[in-house]
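Colleague: Build me a model:
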Amino acid sequence: MRILALSDTHFGYEYGRTSQTKKEQIKRTFEVFSKTLDFAGKNQVDLVLHGGDMFNRSRPKKELVSKSYQIIENFTDEDINFAAIPGNHDRSHLPETLLNHLSDKLHFMNKLSVIDFDEVSIIGFPFEAKNPVSVFNRVKEIMVDNPKRNYIILCHQLFDGACFGPHNHMFTNRSDTLNSLILPENLLVVISGHIHRAQRIQVGKVQYTGSIIKTSFMETIEPKGFLIIDVEENHIDIKFQEIQSFPMNVIEFDISDTKLLSSKIDEEEIIKEEKILLRFVRRALEEKEIRFLWARFPAKEYPLLKFSPRYPNLSLRRLYNIT
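Modeller: This next block holds a predicted model:
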């Protein structure tokens, strides 16, 4: 059995300084999602798993819901199963669709559910903020009661050891972090969304798919993609498949030794077709310097460019090394 796992599509995610640019970013997210499903159709995938945060807001616009569900419906017509759980951005609930009740290929898991296939069973549950340990204990009971079945858990949670950001912040020893090592041996792997960096933790028992798009400059240097999972009896093989993501770059300037911003900015580095964040570090910007930046980089000419800080009296530390 071959499974493709992805997560954090964030349909409706807007980026840019003009309305047209924001629309183009929404369109591009759907294009990346469609290409991912095309890959599944061309590579003998039996099941696609979506690990949550399908939408960027808890109440997505109707046209976003219709567009995404139409893509999924067309995909399941190819006789491939599609299972999804809601994430925290979805407020732990995906919008209802009639297809979810009529099709045996589409599974929106708005509550703790089990889907049985010949080779493996999928246990999925929505994002749980208040007491994820309790939900995990219920999952454990299901696996203990069925020792002859192999399981994959699909969720959208924090796990001990998960990292994110350029400073590699690690989540550990928190009330909302989970540990997969307490689960029975018939657990093959936990597939999780939520953290946008693809990573393998807890002795490989937890795999984050990462997001298929970059929604934050904290993700600038991270590859984006999805997981391909091959299941044969008690054996599982997992590979990360990188996909092309929209170019994103952070350019940092140490301005502690100058009052003249223009002397620091190399405009040849600023590519108008890329998402670029200009960060000014080591001292706060003055109001007149911020006005200079707004005037020098107008939205119509630089719709993908942002700068930080955007307000005076804010001093930033380095996010990345100076470019």
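
Colleague: neighbours around the residue lying closest to Val203 once chain neighbours are set aside, how many?
Modeller: Of all residues not flanking Val203 in the chain, Leu181 sits nearest, at 7.1 Å (Cβ to Cβ, 6 or more residues apart in numbering). Where you see a C-beta, it was placed from the backbone N, CA and C, and this is true even at glycine. Neighbour count of Leu181, defined by other Cβ atoms under 10 Å: 11.

Colleague: Doesn't Leu181 belong to a strand?
Modeller: No - according to DSSP: H, G, I helix; E, B strand; the rest coil, Leu181 belongs to no strand; its state is helix.

Colleague: Could you chop the chain up by domain?
Modeller: Structural domains assigned to the chain are 2-243, 248-308, following automatic domain parsing.

Colleague: taking the ones you listed together, which one is wrapped up most tightly?
Modeller: Mean neighbour count, computed with mean count of other Cβ atoms under 10 Å, is highest for domain 2-243 among the domains of the chain, reaching a mean of 18.

Colleague: Ile123 touches Ile153, doesn't it?
Modeller: Yes - using Cβ atoms under 8 Å, Ile123 is in contact with Ile153, at 5.1 Å.

Colleague: ok, now how distant is Glu73 from Ile213?
Modeller: 22 Å (Cβ to Cβ, to the nearest Å).

Colleague: List the residues that are in contact with both of Ile123 and Ile153.
Modeller: Common neighbours of Ile123 and Ile153 (criterion: Cβ atoms under 8 Å, 6 or more residues apart in numbering): Val139.

Colleague: on that earlier part again, wait, which of the domains of the chain is closest to Ser315?
Modeller: domain 248-308 (4.6 Å; Cβ to Cβ).

Colleague: Now do the closest one: distance to the chain's middle.
Modeller: In this view, domain 248-308 has its centroid 27 Å away from the chain centroid, taken as Cα atoms, centre = their mean, to the nearest Å.

Colleague: which residues in the stretch 51-200 of the chain form strands?
Modeller: For the stretch 51-200 of the chain, strands defined by DSSP state E, counting those that start in this stretch occupy the ranges 81-84, 106-108, 113-116, 121-124, 151-155, 158-159, 163-164, 169-170, 177-178, 187-192, 199-201.

Colleague: Can you name every helix or strand that the fourth one contacts?
Modeller: Taking 3 or more Cβ pairs under 8 Å, 6 or more residues apart in numbering; DSSP states H and E as contact, the helices and strands that strand 121-124 lies on are strand 47-50, strand 113-116, helix 132-145, strand 151-155.

Colleague: who does the first one pair up with?
Modeller: This means strand 47-50. Taking DSSP bridges as the criterion, strand 47-50 forms sheet pairs with strand 2-6 (parallel), strand 81-84 (parallel).

Colleague: Who are the packing partners of the helix or strand bottoming out on mean pLDDT in the chain?
Modeller: In the chain, the helix or strand scored least confidently by mean pLDDT, DSSP states H and E is helix 98-102, which has a mean of 74. Helices and strands touching helix 98-102, by 3+ Cβ pairs under 8 Å, 6+ apart, are helix 62-76, strand 106-108.

Colleague: among these, which is nearest Ala83?
Modeller: Closest of these to Ala83 is strand 106-108, at 4.1 Å (criterion: Cβ to Cβ).

Colleague: Please name the nearest non-neighbouring residue to Lys67.
Modeller: Nearest residue to Lys67 in three dimensions, chain neighbours excluded: Phe30, at 6.2 Å (Cβ to Cβ, 6+ apart).

Colleague: Name all residues that make contact with the one you found.
Modeller: Phe11, Lys67, Ser68, Ile71.

Colleague: from these, which two are the most distant?
Modeller: Spatial extent of the contacts of Phe30 (Cβ to Cβ) is set by the pair Phe11 and Ile71 at 9.6 Å.
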